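Colleague: the following block contains a protein sequence and its predicted model.
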Amino acid sequence: MRHLDSFAASSSAYQETYTEYLAKSRFNVYPYSAVEKLQLHHLIELTRDNLHSCSDPHVGDLLSKTLECQESLLSPVRKLPPDMLNEIFSIAAIEPSGFKVQLDAWRPIYTGGKLRGTVFALTWVCSWWRDHAVLQSDLWSSLSIRTGPSNQVREEVWAFLKECILRSGDLAPLDLNLGSFVLDSPSFQLFCSDAWDVLDVLVDRAHRWRLLGSGSLVNMPSNSFPCSLSLSSLTICNTSHYPEIPLNIVLEKSFPCCPRLHTLGLNYLEATCDIDQILGNLTVLKIEYYSGRSFAHLLGRCPLLRTLAIHKFRQSEDPFSKPLYSHSNLSILDIRISSSFATGVWDNVRLPNLTELEISFGVIASATYFDNEVGNALYELQKMLIRSRCSLKTVRIYEEGYIIPPSASNGFINSIPLSSDAKLSHISPWK
């Protein structure tokens, strides 16, 4: 009986020791003084000796975990300066999507309607890391919210998302991808009050928005943003299926004043859309589908533009003429050529300072598309480059929906103006 009592007392003492050092490990009780380090080294040696001579599995497990906690207290990472830990956390929290906190309710079967992101794993390591991560505002200032056709998100998830937004503080710029969050759909009416609270919190912080991507902005409140926005990048997934809601009305209604906006991404843009106040300040413009008469008119509305990406060009009649236009700022051009890409749109255009060209190919309906100069968008692009007398330093060609005949690609490369140190890449999934 005395032996059992002695064993119980010994086991209880080991449990208390383990609990003590587990708490020190979680709260980062680092032994900064020489005396504290010497004492800890002595305790580590004592624990190792006890573990080596221990024959009881339960006590041995406690000693092993105690030793792990004691040794971790001497880890150099525990005495990193806060600024350095900030940098490490910022790098560790980087996500492929670019957004550190993500809520995807579109596919709840895969995501469970939960918040996701590497940033949460940082808060699970120890109390010290959690406290540090919660106070690091840039870890919580990048959010992606994608709603689904039905309400699959619990109220406590919305409440936690609101807490994450509040952790971003009052000064850090906000990068947001709202997906279809503000769509006026019947399913959205089912959202709980916490979901609306999230939108209210985001609108209240609109002056901090730096980047915004949205599936639709049609139903944003008309006076949501009375103040000048710091927004520098805006992407709207608008389409041509809703002609009754012109793009200029949407932008003027939701974003009346964005003096810092320099990057704009649109699914669809018509030449007749009156958004010159926005286009005039842009340095980056990315359009999936453009409808107009020529590139000259579009470039003339964007005098500061440095990067232009257009993947589909439909030529339409508009009241604008085809002026002779030389754009001196454009340096990067991204074009997707297919048999539906309009021809005659490069007439009178010169890009003398173009240095980077990226061409991708979609579906080409005719096997003889590249055999003729007439109606050949690649040949017209080639003529424009020669006329511009630019000096291309980087050329990338991607074959996606069609295998380009070698004669067409080689003829194009050999004809366009290249710098002496130009980098060429030709990528094809069939090679």
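Modeller: Arrived safely.

Colleague: ok, now which ones touch the residue most central in space within the chain?
Modeller: Taking Cα atoms, centre = their mean, the centroid of the chain lies closest to residue 98, which sits 2.8 Å from it. For residue 98, the contact set (Cβ atoms under 8 Å, 6 or more residues apart in numbering) comprises 142, 175. All C-beta spots, glycine's among them, are computed from the backbone N, C-alpha and C.

Colleague: what stretches of the stretch 1-150 of the chain score poorly on pLDDT?
Modeller: Counting by pLDDT under 70, the ranges of the stretch 1-150 of the chain that qualify are 1-10, 105-113, 147-150.

Colleague: for it, which segments count as strands?
Modeller: Ranges of strands in the stretch 1-150 of the chain, per DSSP state E, counting those that start in this stretch, are 101-104, 115-116, 142-146.

Colleague: just give me the neighbour total for the closest residue to residue 209 other than its chain neighbours.
Modeller: Nearest residue to residue 209 in three dimensions, chain neighbours excluded: residue 231, at 4.8 Å (Cβ to Cβ, 6 or more residues apart in numbering). If you count neighbours by other Cβ atoms under 10 Å, residue 231 ends up with 25.

Colleague: hmm, back to that, which of the strands of the stretch 1-150 of the chain sits closest to residue 276?
Modeller: Closest to residue 276 of these, according to Cβ to Cβ: strand 142-146, at 30.9 Å.

Colleague: and the closest one, what does it pack against?
Modeller: Where contact means 3 or more Cβ pairs under 8 Å, 6 or more residues apart in numbering; DSSP states H and E, strand 142-146 is packed against strand 101-104, helix 155-167, strand 174-179.

Colleague: circling back to that earlier point, for the residue nearest to the centre of the chain, give its distance to residue 133.
Modeller: 19 Å (Cβ to Cβ, to the nearest Å).

Colleague: show me where the stretch 101-250 of the chain has its helices.
Modeller: 108-111, 118-122, 127-135, 155-167, 193-204, 247-254 (DSSP state H, counting those that start in this stretch).

Colleague: same deal with the stretch 301-431 of the chain?
Modeller: Using DSSP H, counting those that start in this stretch, the helices assigned to the stretch 301-431 of the chain run over residues 377-388, 406-415.

Colleague: domain parsing for this structure?
Modeller: When the chain is parsed with automatic domain parsing, its domains come out as 2-79, 82-427.

Colleague: so of these, which one's packed in deepest?
Modeller: domain 82-427 (a mean of 17; mean count of other Cβ atoms under 10 Å).

Colleague: now the end-to-end length of that domain.
Modeller: The first residue of domain 82-427 is 44 Å away from its last residue (Cα to Cα, to the nearest Å).

Colleague: ditto for stretch 361-376
Modeller: Stretch 361-376: ends 13 Å apart by Cα to Cα.

Colleague: quick check: mean pLDDT of it?
Modeller: Mean pLDDT, computed over stretch 361-376, is 77.

Colleague: give me the distance from that stretch to the chain's centre.
Modeller: With Cα atoms, centre = their mean, to the nearest Å as the basis, stretch 361-376 stands 35 Å off its chain's centre.

Colleague: check contacts around the nearest residue in space to residue 71 that is not next to it in sequence.
Modeller: Once flanking residues are discounted, residue 71 sits nearest to residue 44: 6.2 Å by Cβ to Cβ, 6+ apart. Residue 44 sits next to 67, 70-71 when contact means Cβ under 8 Å, 6+ apart.

Colleague: then residue 339?
Modeller: Here residue 339 is in contact with 363-366, 369 (Cβ under 8 Å, 6+ apart).
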